[in-house]
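Asks: Got a predicted structure here, sequence first:
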Amino acid sequence: MTRRNHSAFGSQRERAVADQLRADGWVVFRCAGSKPCDLVAMRERFPLSAAELVNPYSKTEAQLIEVKGTARSPWVAWGPKERDELRDQARAAGATPMLAWWPPHSPLQWIGEAEWPT
């Protein structure tokens, strides 16, 4: 039986999610070993309304992303305290908190804040 290096697996998943986001036009920063998130993703948002053109900051879309690759459930290794911290930091930054759950042998799933357990 081969044991998985969980740290290396998690890092690989973070890099793969970042690569997919970059391919979709996002600028992505990986925050290895940092809390409250694994990735910060930003891009210019289009189309803009006339009101949004007045404020240059409204042209930017941002996400704080936690990446999980657990097989059973993303919530096993990401508890309420960590979810609250990501949610709070994202709100403070004007960003959207997101979970990228990519279990082994399954497709990447994006889980928004509204779907997180309370």
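Replies: That came in fine, so what should we check first?
Asks: contacts, neighbours, all on C-alpha from now
Replies: Will do.
Asks: per-residue confidence averaged over the longest strand that the chain contains?
Replies: Under DSSP state E, the strand in the chain containing the largest number of residues is strand 60-68. Mean pLDDT, computed over strand 60-68, is 92.
Asks: how near is the residue most central in space within the chain to Glu85?
Replies: The centroid of the chain falls nearest to Ile65 when counting by Cα atoms, centre = their mean (1.6 Å). Ile65 sits 12 Å away from Glu85, going by Cα to Cα, to the nearest Å.
Asks: same question, Asp38
Replies: 13 Å.
Asks: In terms of neighbours, single out the busier of these two.
Replies: Asp38 (23 against 15; other Cα atoms under 10 Å).
Asks: can you pull the contacts of that one?
Replies: Neighbour list for Asp38: Glu14, Arg30, Cys31, Ala32, Leu64, Ile65, Glu66, Val67 [criterion: Cα atoms under 8 Å, 6 or more residues apart in numbering].
Asks: Please enumerate the helices of this structure.
Replies: Ranges of helices in the chain, per DSSP state H, are 6-23, 50-54, 80-93.
Asks: In terms of secondary structure, what does the longest one contact?
Replies: The reference is to helix 6-23. On a contact count with 3 or more Cα pairs under 8 Å, 6 or more residues apart in numbering; DSSP states H and E, helix 6-23 meets strand 27-30, strand 39-44, strand 60-68.
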